[in-house]
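Peer 1: only geometry, no sequence info:
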C-alpha cells in the first residue's frame with residue numbers, strides 16, 4: 001500500500017508541475033511559427049551559433065528553450081497549435097538533434113543546471129508521447145545534474161530541485177526525500193549565503209543578490225512547496241513562513257512595482273531587462289494557494305506590480321547595507337558598502353564596468369523607466385549619487401555604515417573613502433541620506449581629496465531624459481547638450497527637483513548617447529543602443545579640503561513648486577560636519593548621525609546628547625537608535641532634562657522606541 005501511495009504522489013507532483021508549466025509559460029505564436037518553419041533538415045536553427053562558448057549567456061541553450069516553447073504550444077489544449085503535426089515534427093527533430101550532439105559548455109552551471117532544467121520541462125510535457133529510446137536519452141541528459149550536498153543558496157536549490165524531479169520521473173522515492181530535505185535545510189535565516197535575518201538575500205559571499213540568485217531561490221521553493229502541498233513531503237509551516245516573509249518583507253520592498261535598481265542584483269545588472277526582475281505576478285496564484293489567509297496581501301502586491309498603488313514607508317537592511325524609501329510619488333534606493341559586505345563582482349565577463357557599484361549609488365524611481373535598460377549608454381564613472389573623481393576605482397570599505405528608521409521615515413549613512421587603482425589618489429567624506437515626506441536630504445561632510453589632480457564631483461542622477469529641464473526659475477529651459485552652469489539653486493526634470501544646499505557649479509548633460517550591451521557584458525550583442533540621457537552633477541572643485549555640502553532630492557509636480565520649495569524649505573540642516581550630521585523637519589522629526597559622542601543643538605530650548613557614536617531618529621515623541629558599527633551597546637541619551645538608556649542591537653537593527661517627555 002505504501003508503494004502505491006508513493007507512486008501516486010510521484011505522479012501528482014509531475015502532473016502538478018506540468019500544469020504549472022502550461023499556466024506560466026506563454027510562447028509567442030509568431031515565434032512558434034518561425035521555429036517550425038526555419039528548422040533545418042539536421043534539426044538545427046540557422047540563427048543559433050552552435051559553436052558559441054560564452055560562459056554566461058550561452059547561445060546554444062536557446063535550442064532547448066525553443067524546444068520547450070514548442071512543447072508547450074503543442075501540449076496546451078487552449079493553444080492554436082495543440083497537437084498539430086506541423087509543430088510535433090520539427091520539435092521532435094530538434095530534440096533528437098540535441099540528444100545526438102549533447103552540447104557542453106565550459107561553465108559547469110549550464111551542464112549541471114541549465115540544460116537539465118530545460119530537459120526536465122521537456123520530459124514533463126512530453127513523457128507520454130516520447131519513444132522509450134527518447135525518454136531514456138532525455139533522462140540521461142537530465143542526469144547531468146549534480147546534487148550539491150554541500151552547496152549554498154540558489155545553486156543548492158537549483159540542483160536539489162532537479163534531483164527531486166529526476167527522482168519523481170524515475171520513481172526514486174529516496175532521492176526525492178533527500179533532495180526535499182536539502183531544500184528545507186536551505187530555507188533558514190543565516191548570516192552566510194541565503195536568507196539574511198533582515199530578509200535580504202546573499203550569494204557569492206556577503207553580496208545582496210535578491211533579484212538574481214534570490215529570484216531562483218524564491219521561485220524554486222515556492223513552486224516546490226506548491227507541488228508538494230497536501231502530500232507526505234509537504235513543506236512544514238515554519239519553512240513556509242520564512243518564504244512568506246522573504247516575499248513580503250524583502251522582495252516586494254526592494255522594488256517600486258516591478259522596477260528595481262542595480263544594488264539589489266549585483267553583476268546581473270549588466271543583463272538585458274534585469275531591472276524588471278522583481279516581477280513575480282505569475283507567482284501570485286501559487287502564493288495565494290500556499291497562504292490563503294494572506295491572499296489580500298499577495299493581491300495587493302500584484303496590484304502594485306500592475307501599477308496600481310505603491311508601498312509607503314522606509315526599510316533598512318543592515319546585513320546588506322541597503323535602504324529603500326517608498327512614497328506615493330517616488331521611491332528612493334541607496335546601496336552602500338561596509339567592512340561587513342563585499343564589493344560587486346565581475347565574473348563570466350559580466351559587469352565589466354561596474355567597479356563603482358555599491359559606492360553609495362542612489363536612485364529615485366517614479367514611473368519605472370528612469371534606468372531600465374540604460375546600462376549600455378551609462379557613464380559608469382558617474383553613477384547616480386556617487387561622489388568621485390576621474391580615475392576613481394573602488395571603495396575602501398569602512399565599518400561605520402548603517403541606518404535607523406521607524407518604518408515610516410529613515411536615515412542611512414556611510415563613512416566614505418574612494419581610491420584609484422594604485423591607491424595614490426583618494427577622497428574621503430561622511431555621507432548621509434534622510435528620507436521624510438517628499439524629500440531626500442543628502443549631506444556630505446568633511447569632503448577631502450588626497451593627491452587628486454581632477455575635479456571632485458557628485459553625480460545627482462543619471463537617468464533617462466524625459467521632457468524639459470528647468471534651472472533656477474520657471475521658463476529657464478536648458479537646451480540639449482553639455483553645459484557647465486554657475487550659481488545653480490535648483491534643477492527640475494521629470495517631476496524631481498535637484499537642490500544644492502548652497503548655489504553650486506553644476507555640469508549638466510542632456511543628450512542622446514550611444515553604447516552597446518557588449519561593452520558591459522561580453523556575452524551580449526554589440527549592436528548600438530541609443531538613449532536620451534539626463535545627468536546633472538555638482539562640481540566640488542579640485543583640491544577640496546574638509547568641505548561640508550549636500551543637496552536635496554524632492555518630488556515636485558512642477559518647476560513652480562520646485563521654486564517655492566527652495567524659497568521655503570521643508571527641512572533644516574542642524575549640523576553637517578565630521579562629528580555630526582543632522583536634519584529636522586517641520587513636524588518635529590529629527591534624524592542625526594553622531595560619529596563621536598556629543599551634543600546637538602536643535603533649538604534654543606532643545607538639546608540632544610549621546611555618549612557613543614550612533615544614529616538617532618526622533619518622531620512622534622519617540623526616539624529610535626542604532627549602532628552602525630554593529631556592536632551591542634547601551635547608549636545613554638539625554639533629551640533636555642530627560643536621560644534614557646537605549647539598548648542598541650549588535651546587528652545594526654533599530655532599537656525599540658523610547659518615549660520622550
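Peer 2: Perfect, thanks for sending it. Note that this is a predicted model, so its numbers are computed, not measured.
Peer 1: looking at the protein, which helix is longest?
Peer 2: Counting residues, the longest helix found in the chain (DSSP state H) is helix 2-24.
Peer 1: ok, and what's touching that one?
Peer 2: The contact list for helix 2-24 (Cβ atoms under 8 Å, 6 or more residues apart in numbering) reads 72, 75-76, 121, 124-125, 127, 165, 167-169, 171, 173, 176, 223, 226-228, 231-233, 282, 285-286. From N, CA and C alone the C-beta is placed, and that goes for glycine too.
Peer 1: if we go to 7 Å?
Peer 2: 72, 75-76, 121, 124-125, 168-169, 171, 173, 223, 227-228, 231-232, 282 (Cβ atoms under 7 Å, 6 or more residues apart in numbering).
Peer 1: buried set for the helix or strand just after it?
Peer 2: Beyond helix 2-24 in the direction of the C-terminus, DSSP states H and E gives the next helix or strand as helix 29-38. Using 16 or more other Cβ atoms under 10 Å as the test for burial, helix 29-38 gives 32, 35-36.
Peer 1: any chance of the residues you listed in a markdown table, with distance to residue 411 and pLDDT too?
Peer 2: As requested, the buried residues of helix 29-38 are exported to a markdown table (distance: Cβ to Cβ, whole Å; pLDDT from 0 to 100):
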| residue | distance to residue 411 | pLDDT |
| --- | --- | --- |
| 32 | 52 | 97 |
| 35 | 53 | 97 |
| 36 | 58 | 97 |
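Peer 1: as JSON lines, those with distance to residue 148 would be great.
Peer 2: Shown next, in JSON lines, are those (distance: Cβ to Cβ, whole Å):
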{"residue": "32", "distance to residue 148": "35"}
{"residue": "35", "distance to residue 148": "33"}
{"residue": "36", "distance to residue 148": "37"}
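Peer 1: let me know the closest of those residues to residue 256.
Peer 2: Taking Cβ to Cβ as the measure, residue 256 lies nearest residue 32 of those, at 33.9 Å.
Peer 1: and stretch 435-442, average pLDDT?
Peer 2: Stretch 435-442 shows a mean pLDDT of 99.
Peer 1: report the distance from it to the chain centre.
Peer 2: Counting by Cα atoms, centre = their mean, to the nearest Å, stretch 435-442 is centred 21 Å from the centre of its parent chain.
Peer 1: ok, the residue nearest the centre of the chain to residue 80 distance?
Peer 2: Closest to where the C-alpha atoms of the chain average out (Cα atoms, centre = their mean) is residue 264, at 2.1 Å. As judged by Cβ to Cβ, to the nearest Å, residue 264 and residue 80 stand 38 Å apart.
Peer 1: now swap in residue 522 and tell me
Peer 2: Taking Cβ to Cβ, one finds residue 522 at 39 Å from residue 80.
Peer 1: same deal with residue 303?
Peer 2: Taking Cβ to Cβ as the measure, residue 303 falls 31 Å from residue 80.
Peer 1: go ahead and confirm the residue nearest to the centre of the chain touches residue 207.
Peer 2: No. Contact criterion Cβ atoms under 7 Å: residue 264 and residue 207 do not qualify, at 10.6 Å.
Peer 1: what are the neighbouring residues in contact with residue 315?
Peer 2: So residue 315 contacts 253, 324 (Cβ under 7 Å, 6+ apart).
Peer 1: equivalent analysis for residue 463, please.
Peer 2: 370-371, 534.
Peer 1: and the pLDDT at it?
Peer 2: Per-residue confidence (pLDDT) for residue 463: 99.
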